[in-house]
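1. turn this into a structure:
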Amino acid sequence: MNNQAKIEALLFIAGDEGITLGDLANLTGLLKPAVQGLLGEIAEKYTQDKTCALKLLVSADTYRLATKGELAPVVKDYFETPLTIPLTPALLEVLAIIAYRQPITRIEIDDLRGVQSSGSIQKLVVRGLVETKGRLNVPGRPFRYVTTTAFLDYFGLADLAELPPLSEPAEEIMDSEQFAQALAQRRQRLEKAED
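-> Presented below is the predicted three-dimensional model:
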């Protein structure tokens with residue numbers, strides 16, 4: 001794998017928070033001028049390739065990948081999924097992780113899931129089920145995510161103490177199907193108790 005590919009991989013994994021020039025240099029073992037040169041090549045490659053959806057953004061020594069402006073309508077449609085559409089298994093999985101581990105960063109969620117979660121997190125934010133609550137005091141200062149009162153309302157919970165207990169040890173997170181079933185069973189028990 002060449003150095004340009006390593007930098008692109010780090011930019012992709014960094015997601016919305018981006019990654020600093022210093023962190024890129026440390027993680028690749030390259031000097032900052034070499035990293036800057038490679039970043040310039042990556043930016044030029046994205047600009048010249050009309051079939052590429054990406055562009056490179058830089059602000060305050062932090063670099064991040066973004067989609068090109070002409071793709072805004074497609075991206076907007078993706079994030080404006082109607083709230084009446086049920087949550088997908090991926091969204092439920094991310095929501096369960098946030099609910100049981102909050103406050104938690106996107107990187108921590110990615111580590112638990114083994115896949116990138118930024119799209120799922122953004123959909124949950126748009127639906128009002130998740131919000132940011134401060135930043136972690138580490139390099140890159142990633143956002144910390146928590147559930148909202150809309151999350152409690154959506155699942156009929158008075159507070160987080162009413163979350164169904166985990167069936168696995170505390171360090172494990174139930175998968176999306178277990179989470180949905182546990183919440184559905186809880187809702188059925190409450191309805192029976194009201195009758």
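2. residues contacting the residue nearest to residue 59 when sequence neighbours are not counted?
-> Nearest non-adjacent residue to residue 59, counting by Cβ to Cβ, 6 or more residues apart in numbering: residue 18, 7.8 Å away. Bear in mind the C-beta positions are built from the backbone N, C-alpha and C, glycine included. Residue 18 makes contacts with 11, 57, 59, 62-64, 140, as judged by Cβ atoms under 8 Å, 6 or more residues apart in numbering.
3. reformat those as CSV; add neighbour count and distance to residue 22.
-> Shown next, in CSV, are the contacts of residue 18 (neighbours: other Cβ atoms under 10 Å; distance: Cβ to Cβ, whole Å):
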residue, neighbour count, distance to residue 22
11, 20, 14
57, 13, 17
59, 8, 15
62, 18, 10
63, 23, 11
64, 17, 15
140, 15, 10
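4. right, and the pair among those residues with maximum separation?
-> Largest separation among the contacts of residue 18 by Cβ to Cβ: 57 and 140, giving 14.7 Å.
5. tell me how many other residues surround residue 56.
-> 19 (other Cβ atoms under 10 Å).
6. in a strand, it, correct?
-> Yes - secondary structure of residue 56 (DSSP: H, G, I helix; E, B strand; the rest coil): part of a strand.
7. excluding residues flanking it in the chain, which one is nearest it?
-> Using Cβ to Cβ, 6+ apart and skipping the chain neighbours, the partner closest in space to residue 56 is residue 43 (4.2 Å).
8. pLDDT weak spots in this structure?
-> When residues are selected by pLDDT under 70, those of the chain lie in 78-85, 166-195.
9. ok, and the closest non-adjacent residue to the most centrally placed residue in the chain?
-> With distances taken as Cα atoms, centre = their mean, the residue of the chain nearest its centroid is residue 118 (2.6 Å). Leaving aside its sequence neighbours, residue 118 sits nearest to residue 15 (Cβ to Cβ, 6+ apart; 4.3 Å).
10. for the one you found, give me its contacts.
-> 64, 106, 116, 118.
11. closest to residue 134 out of the residues you listed?
-> Here the nearest of the contacts of residue 15 to residue 134, counting by Cβ to Cβ, is residue 106; it sits at 13.7 Å.
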